[in-house]
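A.B. asks: Any chance you could fold what I've pasted below:
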Amino acid sequence: MNNRRRILLVSWGLPPAAAGSPVIVGNLARAFTRDEMVLAGEQPDARLSDSWDPAWPELIAVESPWARLRHCRRQARLLGVPWMAARLTRLIRERNCTDVLAVYPDEAYLWAALKASGRTGCRFYPYFHNTYKESSKDWRLRLANWLQPRVFSAAHHVFVMSEGMVELYRDRYPALTRCSAMVHSFAEDVPSYAEPGPFDEGVFALSGNINPACLDAARRVSQAVARVAGARLQFYTRQSQQELEELGVWNAAARCTGLARADLLQALRRAEVVLLPHGFNGVFGAVEYQTIFPTRTIEYLICGRPILAHSPPGVFVTRFLKKHDCALVVEAAELQAVREGLERLRNDAALQARLVRNAVETAKMFHISRVGAHLREVLGMPAAA
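C.D. replies: Numbers count the residues shown, from 1 in each chain. Below is the predicted model:
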């Protein structure tokens, strides 16, 4: 009898894109071989294809013909669910997959993966990077009320992004007994502490995309940096200057650059301070802001530069950063408080050293060796060679 297991990981965003779910998926995939995992989702950015090692799990595009419609793209992806489910079903059979790991924050790919796993008898594992039902409104809430219970019912185990989400699900869904955090990871060597080295004075760096999860806080951070003498706000993102201007986070001294992950880490190490805004309010529901764990946090923990976090009191990421004393956290939704935090951090060498030392230690819990081992254990796969 063949007990070999092979995972089909289904995600709207695929690596080697350098922000959000693609980063999480890409790092996780590197804990597995091509014989152990296949990745399926939207067509990866051809401009970044050279940064994905051919020895890593295969990337396969399964987006529907409707996915590239310019308007109402989320609804367009839902129209393609039957097409994607059929494609995933064929893929499962062709690649002899035994387990389906389906990433949300896109319900179309989650739904298509659910249908494909049901047709093939594969074990089904949803992986929620964000809350679904709790953060949905209008027609999406109606769909979530129908789809989420079916996802939970079919799931062999439910993975979520943070312990904050585990706490939420335990409280709201007591029947959901098989649920655990599979946190965002990093695949680089575990860093060792070193005294903060040379940096580009006045460069305050913010990596990743600006979206509703951090928008209001990012605006205050941008305004605060603009009021610090000699400071420059450096965005490392695929978003354009025009997009950032429309979002209200651009300032006269800002710059934006898109970098591959390896180059991003090197760039962050040159910043004076790295910036971690987390939304106080916005279009998401309150529960979403309470449980989100920003993807950029991990890169910040391992970059060797002090972190200035601007996040509301009591939410999971604030509690986490304060518990591990790995960032200076500004909890007041006030521009002056953020500016004062920036000034304090850049002028207190002892504080910088303490925060960086604690950040390096905290980062160890996110190394791919630990995160991959957890997934292997839950799925009943052998330990990595």
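A.B. asks: Could you list the residues in contact with stretch 161-173?
C.D. replies: 24, 128-131, 134, 152, 158, 160, 176, 179-184, 287, 290-293, 315-317, 319-320 (Cβ atoms under 8 Å, 6 or more residues apart in numbering). For the C-beta atoms, the positions are set from N, CA and C on the backbone; glycine is no exception.
A.B. asks: Just the buried subset of those residues, please.
C.D. replies: Buried members of those, counted by 16 or more other Cβ atoms under 10 Å: 24, 128-131, 134, 152, 158, 160, 179-184, 287, 290-293, 315-317, 319-320.
A.B. asks: Now go through the residues you listed and say which are in helices.
C.D. replies: 24, 152, 287, 290-291, 316-317, 319-320 (DSSP state H).
A.B. asks: which residues does R357 contact?
C.D. replies: R357 neighbours (Cβ under 8 Å, 6+ apart): Y193.
A.B. asks: and after the helix or strand containing it, which helix or strand comes next?
C.D. replies: For R357, the element it lies in under DSSP states H and E is helix 349-363. Next along the chain after helix 349-363, taking DSSP H and E as the criterion, comes helix 368-379.
A.B. asks: Would you mind listing the buried residues in that next one?
C.D. replies: 368, 371-372, 374-376, 378-379.
A.B. asks: Pick the one among those residues closest to E331.
C.D. replies: V371 (28.6 Å; Cβ to Cβ).
A.B. asks: gap between the lowest-mean-pLDDT helix or strand in the chain and the chain center?
C.D. replies: The helix or strand of the chain with the lowest confidence, counting by mean pLDDT, DSSP states H and E, is helix 73-79 at a mean of 85. Here helix 73-79 is found 22 Å from its chain centre; the criterion is Cα atoms, centre = their mean, to the nearest Å.
A.B. asks: got a list of contacts for it?
C.D. replies: 12, 63-64, 66-69, 106-109, 111, 140, 143.
A.B. asks: likewise stretch 328-339?
C.D. replies: Against stretch 328-339 from outside (Cβ under 8 Å, 6+ apart): 216-217, 220-221, 223-224, 227-228, 280, 306-313, 318, 321-322, 341, 344-345, 351, 355.
A.B. asks: could you redo the last one with a cut-off of 6 Å?
C.D. replies: In this structure, residues lying in contact with stretch 328-339 by Cβ atoms under 6 Å, 6 or more residues apart in numbering are 220-221, 223-224, 227, 280, 308-310, 313, 318, 321-322, 341, 345.
A.B. asks: What subset of these is buried?
C.D. replies: Here, 16+ other Cβ under 10 Å leaves 220-221, 223-224, 280, 308-310, 318, 321-322, 341, 345 buried among these.
A.B. asks: mind listing what's buried in the helix or strand encompassing V166?
C.D. replies: Assigned by DSSP H and E, V166 falls within helix 163-172. Within helix 163-172, the residues scored as buried using 16+ other Cβ under 10 Å are 163-166, 168-169.
A.B. asks: Using PDB, write out the CA atom coordinates for that helix.
C.D. replies: Output in PDB follows, covering the C-alpha atoms of helix 163-172 (Å, rounded to 0.1, in the frame of the first residue of the first chain):
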ATOM      1  CA  GLU A 163      -3.300  32.600  17.700                       C
ATOM      2  CA  GLY A 164      -5.600  35.600  17.700                       C
ATOM      3  CA  MET A 165      -7.800  33.900  15.100                       C
ATOM      4  CA  VAL A 166      -7.600  30.600  17.100                       C
ATOM      5  CA  GLU A 167      -9.000  32.400  20.100                       C
ATOM      6  CA  LEU A 168     -11.800  33.900  18.000                       C
ATOM      7  CA  TYR A 169     -12.800  30.600  16.400                       C
ATOM      8  CA  ARG A 170     -12.700  28.800  19.700                       C
ATOM      9  CA  ASP A 171     -15.100  31.400  21.100                       C
ATOM     10  CA  ARG A 172     -17.400  31.600  18.100                       C
END
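A.B. asks: I'd like the average pLDDT over it.
C.D. replies: The pLDDT scores in helix 163-172 average 95.
A.B. asks: Low-confidence ranges, the stretch 101-250 of the chain, go.
C.D. replies: In the predicted model of the stretch 101-250 of the chain, residues 196-197 satisfy pLDDT under 70.
A.B. asks: so how far is stretch 111-128 off the chain centroid?
C.D. replies: 21 Å.
A.B. asks: meant to ask about stretch 84-97
C.D. replies: Counting by Cα atoms, centre = their mean, stretch 84-97 comes out at 26 Å from the chain centroid.
A.B. asks: And for stretch 123-134?
C.D. replies: The answer for stretch 123-134 is 13 Å, by Cα atoms, centre = their mean.
A.B. asks: where does the closest residue to P22 other than its chain neighbours land in three-state SS?
C.D. replies: Of all residues not flanking P22 in the chain, G13 sits nearest, at 4.1 Å (Cβ to Cβ, 6 or more residues apart in numbering). Using DSSP: H, G, I helix; E, B strand; the rest coil, the structure places G13 in coil.
A.B. asks: Please apply the same query to D216.
C.D. replies: Once three-state DSSP is applied, D216 turns out helix.
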